[in-house]
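> here is my input; please provide its structure:
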Amino acid sequence: MATVNVTVSLPDEVAALAKTTARAEGTTMSAWVAGLIREAATATAARRYLDWDRQSGDDMAAWDRAAAARRAEAMRGAEW
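Have a look, this model is predicted:
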C-alpha cells in the first residue's frame, strides 16, 4: 500500500499516549493512527447511512434484516 507523509501537531502527552498504546498493540504509531482514522471514517459513514435511512422513508435496514432472515431460513436444516 502506498503511503504519504503527513505532519500532525499533537500535545506532548497525546503523542506519548499514542506511542505507548501503539507499542502495546505491537504496531507503529503511524499504523495505529491510520487504523483510528479508518474506524472513525467508517463509523461516520454508517451514521450518515442510518440518518439517511431514517429520513428517506425507505427502510433499508428493514430490507437488510428481511434479506438476512430469508437467507437464514433457506439455510435452516442444511448439513455441511
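> where is the longest helix in the chain?
helix 29-56 (DSSP state H).
> between the helix or strand that it is followed by and helix 29-56, how many degrees?
Downstream of helix 29-56, the next assigned helix or strand under DSSP states H and E is helix 60-75. Here helix 60-75 runs at an angle of 100 degrees relative to helix 29-56 (axes from the mean of the first three to the mean of the last three Cα atoms, to 10 degrees).
> dump helix 60-75 to CSV, restricted to CA.
Below are the C-alpha coordinates for helix 60-75, written out as CSV (Å, rounded to 0.1, in the frame of the first residue of the first chain):
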residue,chain,number,x,y,z
MET,A,60,-33.2,-0.2,4.0
ALA,A,61,-32.3,-1.6,7.4
ALA,A,62,-35.6,-3.4,7.5
TRP,A,63,-34.9,-4.7,4.0
ASP,A,64,-31.5,-5.9,5.1
ARG,A,65,-33.0,-7.7,8.1
ALA,A,66,-35.6,-9.4,5.9
ALA,A,67,-33.0,-10.5,3.4
ALA,A,68,-30.9,-11.9,6.2
ALA,A,69,-33.9,-13.8,7.6
ARG,A,70,-34.7,-15.2,4.1
ARG,A,71,-31.1,-16.4,3.8
ALA,A,72,-31.2,-17.9,7.3
GLU,A,73,-34.4,-19.7,6.5
ALA,A,74,-33.0,-21.1,3.3
MET,A,75,-30.0,-22.5,5.2
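> just list what that helix packs against, helices and strands only.
In this structure, helix 60-75 packs against helix 29-56, with contacts taken as 3 or more Cβ pairs under 8 Å, 6 or more residues apart in numbering; DSSP states H and E. From N, CA and C alone the C-beta is placed, and that goes for glycine too.
> need the three-state assignment for G77.
At G77 the chain is in coil, as set by DSSP: H, G, I helix; E, B strand; the rest coil.
> change the start of the numbering to 73 and stick with it
New numbering, starting at 73: the last item is G149.
> any idea how many residues pack against it?
For G149, the number of neighbouring residues by other Cβ atoms under 10 Å comes to 6.
> residue contacts, it?
Contact analysis of G149 by Cβ atoms under 8 Å, 6 or more residues apart in numbering lists nothing.
> what pLDDT is listed against it?
Here, the pLDDT recorded for G149 equals 76.
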